[in-house]
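Student: sequence and predicted model, in that order:
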Amino acid sequence: MIRYKGIHPGLILAHELEKRGIKKRPFALSINILPQTLNDITKARRRLTPSISLKIDRVLCLEEGTMLILQAYYDLKEEKEKSPGPTPDLKNLRKILFWDTDINKIDWQKQSTSIIQRVFERGNDIEKKTLLDFYGRSKIKSVTGRSGIKDNYIPIMKTLKSK
């Protein structure tokens, strides 16, 4: 089940039917749903309802709720992709650093390594400090091999914060 997390259950169902040599139309009729409905489900164009999920589980001898749990994992993944995650202070980052993409559509967590590399290669001290504040010292060090912007960065920042 873990390996199928986030995959539409209809795609998993299509694979399972093919693996078992079961045709979609007779299968749909056997669980008392329209073949078009099953086709939409297996093409990931339609959600799996609890009632259809139970029917599929029963006919394929799966543990009750298996397909519904897969639908829930898929729904969670979709919802996470809709809502943007946390972002650094974008007013401190020049858009030219991200010339090849829309800065508002960047996934700052998934693409953290390439973002850190790009900013620490081409960015100014303000941009580097913005990423240092956002990702933290250990993440920056794991990517760049250093924990600050310059060798004397940390003492300078402590002095600035104390003023």
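Tutor: Looks like it arrived, so ask away.
Student: can we go C-alpha only for contacts and neighbour counts from here?
Tutor: Noted.
Student: contact partners for residue 6?
Tutor: Counting by C-alpha atoms under 8 Å, 6 or more residues apart in numbering, residue 6 touches 70, 73, 74, 75, 76, 77.
Student: correct me, but the second one touches residue 5?
Tutor: Think residue 73. Yes: the criterion here is C-alpha atoms under 8 Å, and residue 73 meets it with residue 5 at 5.6 Å.
Student: more neighbours, the two?
Tutor: Remark: of residue 73 and residue 5, residue 73 carries more neighbours, 19 against 16, as counted by other C-alpha atoms under 10 Å.
Student: and the residue nearest to the spatial centre of the chain, what does it touch?
Tutor: Closest residue to the average C-alpha location of the chain: residue 81 at 5.7 Å, with C-alpha atoms, centre = their mean. Residue 81 makes no contacts at all, as judged by C-alpha under 8 Å, 6+ apart.
Student: just the CA trace of the helix or strand where it lies, in PDB.
Tutor: Taking DSSP states H and E as the definition, residue 81 sits inside helix 66-82. Output of helix 66-82 as PDB, limited to C-alpha atoms (Å, rounded to 0.1, in the frame of the first residue of the first chain):
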ATOM      1  CA  THR A  66      -8.200  -0.600   0.500                       C
ATOM      2  CA  MET A  67      -9.300   1.300  -2.600                       C
ATOM      3  CA  LEU A  68     -10.900   4.100  -0.400                       C
ATOM      4  CA  ILE A  69      -7.700   4.500   1.500                       C
ATOM      5  CA  LEU A  70      -5.800   4.900  -1.800                       C
ATOM      6  CA  GLN A  71      -8.300   7.500  -2.900                       C
ATOM      7  CA  ALA A  72      -7.800   9.400   0.400                       C
ATOM      8  CA  TYR A  73      -4.000   9.300  -0.100                       C
ATOM      9  CA  TYR A  74      -4.400  10.600  -3.600                       C
ATOM     10  CA  ASP A  75      -6.800  13.400  -2.400                       C
ATOM     11  CA  LEU A  76      -4.300  14.400   0.200                       C
ATOM     12  CA  LYS A  77      -1.500  14.600  -2.400                       C
ATOM     13  CA  GLU A  78      -3.700  16.700  -4.700                       C
ATOM     14  CA  GLU A  79      -4.600  19.100  -1.900                       C
ATOM     15  CA  LYS A  80      -0.900  19.500  -0.900                       C
ATOM     16  CA  GLU A  81      -0.100  20.400  -4.400                       C
ATOM     17  CA  LYS A  82      -2.800  23.000  -4.600                       C
END
